[in-house]
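> pasting the structure only:
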DNA sequence: ACAGACTAGTCTGTATTACAGACTAGTCTG
DNA sequence: CAGACTAGTCTGTAATACAGACTAGTCTGT
């Protein structure tokens, strides 16, 4: 059946958090979701991102307030610790909900 | 618990079809999934996209082979009919699967 | 018959983005 | 002390989403 023209009901498209929607960032957040914190190198290997790319995603997540970045030193070499903020945790929960709704509807 | 450094197992990040992953295009495809075909105007109102934006997404979907674009005339006025190709249907199915896997995993 | 309003849809410009490679600061090894 | 290595950032680039200007053509009123 072909459908066309204007129709009365116009459900809005799903409201998606673009920060989380990027697969690379979703992956980062999903990893951080299950641990207290993880370091740059750990994420680097698990996400398969390049260093440059991981770095910029982390900056974006920090700017969004989703990830806390802590720069420390471990045995004189720098070590960047990443952790999900409460806002980040909530954002991931919300995102998962919207996606599930998207898969069901419209 | 803080986790860090290199670890043996390195699950790859989810392989996501970027064409479908864009919410606007997902929405378009989801609408087309349930009808034989729909026209430009119908999609315009249901997706809430602007005409320019809808147009370019449709071009992208056509280039991907996911949507068939048929230009006809209805009563002397142009009417563009859109429909999902078998490839498009498969792509949407696959996408939904990957997303579900992503929500479960990594 | 013609001017202006309207329609469906495309084209163009812009700001943002993801991404990777070059680079930096500093530490360790021979 | 030179060179290799480490952790991470900076820079350049190609691709993207998006909206407004625009086009081709039809309809309406006079």
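That came through fine. Quick caveat: nothing in here was measured; it's all calculated off a predicted structure.

> With the flanking residues excluded, which residue is spatially nearest to residue A:25?
Sequence neighbours aside, residue A:57 is the residue nearest to residue A:25 in space, at 5.2 Å (criterion: CB to CB, 6 or more residues apart in numbering or on different chains). The C-beta positions use only the backbone N, C-alpha and C, and glycine is treated the same way.

> how close does that neighbour sit to DNA strand D?
Counting by CB to the nearest atom of the strand, to the nearest Å, the gap from residue A:57 to DNA strand D is 10 Å.

> these two touch, right, that residue and residue A:26?
No - Residue A:57 is not in contact with residue A:26 according to CB atoms under 8 Å; the separation is 10.2 Å.

> Wondering if the worst-scoring helix or strand of chain A on mean pLDDT reaches DNA strand C at all.
The least trusted helix or strand in chain A, going by mean pLDDT, DSSP states H and E, turns out to be strand A:2-3, with a mean of 77. No - counting by CB under 7 Å from any atom of the strand, DNA strand C has no neighbours in strand A:2-3; the shortest distance is 12.5 Å.

> Show me the contact partners of the helix or strand that that strand is followed by.
Next along the chain after strand A:2-3, taking DSSP states H and E as the criterion, comes helix A:18-21. The contact list for helix A:18-21 (CB atoms under 8 Å, 6 or more residues apart in numbering or on different chains) reads A:25, A:26, A:29, A:60, A:61, A:64, A:66, A:91, A:92, A:95, B:21, B:23.

> Now cross-check those residues against DNA strand C and list the overlap.
Answer for the contacts of helix A:18-21 near DNA strand C (CB under 7 Å from any atom of the strand): A:25, A:60.

> which one among the contacts of helix A:18-21 gets closest to DNA strand D?
residue B:23 (7.0 Å; CB to the nearest atom of the strand).

> Tell me how many other residues crowd the nearest residue to the closest one once chain neighbours are set aside.
Setting aside the residues directly before and after it, residue B:23 is nearest to residue A:16 in space (CB to CB, 6+ apart), at 4.8 Å. With neighbours defined by other CB atoms under 10 Å in any protein chain shown, the count for residue A:16 comes to 18.

> OK, contacts around residue A:16?
For residue A:16, counting by CB under 8 Å, 6+ apart, the contacting residues are A:95, A:98, A:99, A:102, B:23.

> Show only the entries of these found in helices.
Using DSSP state H, the subset of the contacts of residue A:16 located in helices is A:95, A:98, A:99, A:102, B:23.

> Make a PyMOL selection of the buried ones in these.
In PyMOL, a selection of the buried entries from the ones in helices among the contacts of residue A:16 looks like this (16 or more other CB atoms under 10 Å in any protein chain shown):
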select buried, (chain A and resi 95+98+99+102) or (chain B and resi 23)
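
> Contact residues of chain A facing DNA strand D?
Residues of chain A lying near DNA strand D (CB under 7 Å from any atom of the strand): A:39-41, A:51-52, A:54-56, A:58, A:69, A:71, A:77-80.

> rerun that using 10 Å as the cut-off
Contacts of chain A with DNA strand D, taken as CB under 10 Å from any atom of the strand, map to A:13, A:16, A:18, A:39-45, A:49-59, A:62, A:69-75, A:77-82.
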